[in-house]
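Trainee: Give me coordinates for this.
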Amino acid sequence: MKKILLFFILAMLLSCKSESSLDGIYEYVSSKGNNGNLYESGCSIVGYIELKDGYYYNGLTKSSQRFPFKVENDKIIIDNPDGGQLIIDIIDENTIGLMGCLFRKKENETQPVEDTNENTTKKENDKSINISNTKIEVTSLNSLRKFNGEYSYDVKLLSNPILKKRLISLIGKKRYEYMKTTWAVEGGIMVENDILEAGGCEAHNCDMTNFIIVADLKKDILYVGYMVEGEISKFGETDDFPKQLLQWEQENIRNNNGMF
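Mentor: Have a look, this model is predicted:
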């Protein structure tokens, strides 16, 4: 009995050690062997992977996003809220592999080195890069597709971490908070031809204060129609507004003109 108990205690200690010993910052290593790798540019933009206290971070989202990880058979497995997994290979005690790219552990480093302004600006402005699995899992609007036919309140659409971050970036935190607290009367979420549409309005004041969210799930572009007390604003991650948003605008203009 004592031997069995000792075996399980030892197994637990070894398991804990296998995860904690991985803690550190692993920088992307560019080499001739990676030149043919389809994901190399994505890996270079991620820059580094940090494993700390059982959580996974990366240089693209830095400390704004973190996910718990576990170790199984020389694999680091990261679960994301959408139900998918990111799997990283443990090459040796100082090297890990992601999508065929190598990341090597930095010595005596506990905090990531800040990127230069040039690199930071490039990462913030380049919205067209969807090569990295991490970027797709963390920021893509495509995961909202599953809400088709649901109600925004039931699925907490406006609190969805991916959509919330994109909304605040697009319309600002004050407008986002106002829309969230005022969004009381709503229809169902509709997804048709890769376009998601959701609308809500202020109780007893829908004709004057209402909102619409339109997302092109295929192109990963977000748009918002925002009307408060008859004042209409349109926001988009591009200026090529979809017909759903333009129809919403025209309908509100007609309603407002009919009141005066």
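Trainee: Can you list the neighbours in contact with stretch 208-219?
Mentor: Stretch 208-219 has contacts (Cβ atoms under 8 Å, 6 or more residues apart in numbering) with 141-142, 144-145, 157, 163, 167, 179, 182-183, 191, 194-202, 221-230, 242, 244-245, 248, 252. Heads up, the C-betas are built off the backbone N, CA and C, glycines and all.
Trainee: What's the end-to-end length of that stretch?
Mentor: Criterion Cα to Cα, to the nearest Å; first-to-last residue distance in stretch 208-219 is 31 Å.
Trainee: what does stretch 50-59 give?
Mentor: Using Cα to Cα, one end of stretch 50-59 lies 8 Å from the other.
Trainee: Same check on stretch 185-193?
Mentor: Termini of stretch 185-193 sit 25 Å apart (Cα to Cα).
Trainee: on that earlier part again, could you list which of the contacts of stretch 208-219 belong to strands?
Mentor: With strands taken from DSSP state E, the overlap with the contacts of stretch 208-219 comprises 191, 195-201, 221-228.
Trainee: Looking at the residues you listed, spot the one nearest residue 69.
Mentor: Of all these, residue 69 sits closest to residue 222, with 29.0 Å by Cβ to Cβ.
Trainee: Break this protein into its domains for me.
Mentor: The chain breaks down into these domains under automatic domain parsing: 18-122+130-137, 141-259.
Trainee: I'd like these laid out as CSV, including mean pLDDT and mean neighbour count.
Mentor: As requested, the domains of the chain are exported to CSV (pLDDT from 0 to 100; neighbours: other Cβ atoms under 10 Å):
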stretch, mean pLDDT, mean neighbour count
domain 18-122+130-137, 73, 16
domain 141-259, 95, 16
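Trainee: that older thread, closest one to residue 236 out of the ones in strands among the contacts of stretch 208-219, please.
Mentor: Nearest member of the ones in strands among the contacts of stretch 208-219 to residue 236, counting by Cβ to Cβ, is residue 223, at 4.3 Å.
Trainee: Is it correct that residue 21 is in contact with residue 90?
Mentor: No - counting by Cβ atoms under 8 Å, residue 21 sits too far from residue 90 to count as a contact (10.3 Å).
Trainee: so what's residue 57 up against?
Mentor: Shown in contact with residue 57 (Cβ under 8 Å, 6+ apart): 49, 50, 51, 63, 65, 66.
Trainee: redo that, cut-off 6 Å
Mentor: Listed by Cβ atoms under 6 Å, 6 or more residues apart in numbering, the contact set of residue 57 reads 50, 66.
Trainee: And the strands in this protein?
Mentor: Counting by DSSP E, the strands of the chain are 24-29, 48-52, 55-58, 62-72, 75-79, 85-92, 95-98, 101-105, 185-186, 190-192, 195-201, 210-216, 221-228, 231-236.
Trainee: closest to residue 149 out of those?
Mentor: Nearest to residue 149, of all the strands of the chain, is strand 190-192, at 7.6 Å by Cβ to Cβ.
Trainee: Give me the sheet partners of the closest one and which way each runs.
Mentor: With DSSP bridges as the test, strand 190-192 is paired with strand 195-201 (antiparallel).
Trainee: for the strand it pairs with, the distance to its chain's centre please.
Mentor: Strand 195-201 has its C-alpha centroid displaced from the chain centroid by 20 Å (Cα atoms, centre = their mean, to the nearest Å).
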